[in-house]
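S.K.: Quick one: sequence and predicted model below, then my questions.
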Amino acid sequence: MESKQNGSVPASETENKTNSLVHVQKHVHEEAEESFSFTPQPSLEDIRRMQAEFTDERDWNKFHQPRNLLLALVGEVGEVSELFQWRGEVKEGLPGWTEAERENLAQELSDVLIYLVELAEKCRVDLPQAVLRKMALNRLKYPASKVHGSAKKYTEYQD
Ligand SMILES: Nc1ccn([C@H]2C[C@H](O)[C@@H](COP(=O)(O)OP(=O)(O)OP(=O)(O)O)O2)c(=O)n1
């Protein structure tokens, strides 16, 4: 028989609750810590080439001018937004999303990337190199020591 102190919850019950809380916290922690990375292929250059072949084979270059590609890109961004709308905040890893919803999102994000890469190609922007330059600029604009933990825009810092 469990001993009750001053009518409080038996020690074993408190222990169980504590244990399950620790379990839940550990689970949440593990989910947040779960590492994720992309497979290295295809590269952006691979994607550029594959999309160029797709376009050539269909004689679609006459439609794929920069402005049309930009409009197509924005349209696909809208399709990604549709998948998130009315859901409220969505946690990292998309807990509760079905496999079909995840696949849908993967397809829409791919459409965005495909049009982005082709737009960059048609504008003669070497996207991987441009990204390296831009990230270097971002690091200069937002020194970690200065902005750590703050999401303020760089123009809001007084210095
Ligand atoms: N003129 C076109 C039409 C399509 N695509 C390619 C690039 C995109 O990855 C995809 C876009 O196809 P859809 O316009 O059919 O759009 P979705 O695949 O998003 O279909 P839906 O709008 O029904 O969701 O196909 C392309 O390069 N050029």
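M.R.: Yep, it's here.

S.K.: in which helix or strand would I find the nearest residue to Glu121 once chain neighbours are set aside?
M.R.: Nearest residue to Glu121, sequence neighbours excluded (Cβ to Cβ, 6 or more residues apart in numbering): Arg48, at 5.2 Å. Using the backbone N, CA and C atoms, a C-beta is placed for each residue, glycine as well. Counting by DSSP states H and E, the element that carries Arg48 is helix 44-57.

S.K.: Go through that helix and flag the buried ones.
M.R.: Buried residues in helix 44-57, counted by 16 or more other Cβ atoms under 10 Å: Leu44, Ile47, Arg48, Gln51, Ala52, Thr55.

S.K.: With stretch 60-74 instead?
M.R.: For stretch 60-74, a neighbour-count test (16+ other Cβ under 10 Å) marks His64, Leu69, Ala72, Leu73 as buried.

S.K.: follow-up on the earlier one: can you tell me how far the residue nearest to Glu121 sits from Glu101?
M.R.: 29 Å (Cβ to Cβ, to the nearest Å).

S.K.: Gln107 too?
M.R.: 11 Å.

S.K.: follow-up on the earlier one: average the pLDDT values over the helix holding Arg48 and round to the nearest integer.
M.R.: On average, the pLDDT along helix 44-57 is 98.

S.K.: now do stretch 86-96
M.R.: Stretch 86-96 comes out with an average pLDDT of 97.

S.K.: What helix or strand is the residue positioned nearest the centre of the chain located in?
M.R.: What sits nearest the mean C-alpha location of the chain, by Cα atoms, centre = their mean, is Glu92, with 8.2 Å. Using DSSP H and E, Glu92 falls within no helix or strand.

S.K.: again with Gly78
M.R.: Going by DSSP H and E, Gly78 is part of helix 66-84.

S.K.: List the contacts of whatever helix or strand comes next after that helix.
M.R.: Using DSSP H and E, the helix or strand that follows helix 66-84 in sequence is helix 99-122. Helix 99-122 is contacted from outside by 44, 47-48, 51-52, 55, 64-66, 69-70, 72-73, 76-77, 79-80, 83, 94, 97, 126-127, 130, using Cβ atoms under 8 Å, 6 or more residues apart in numbering.
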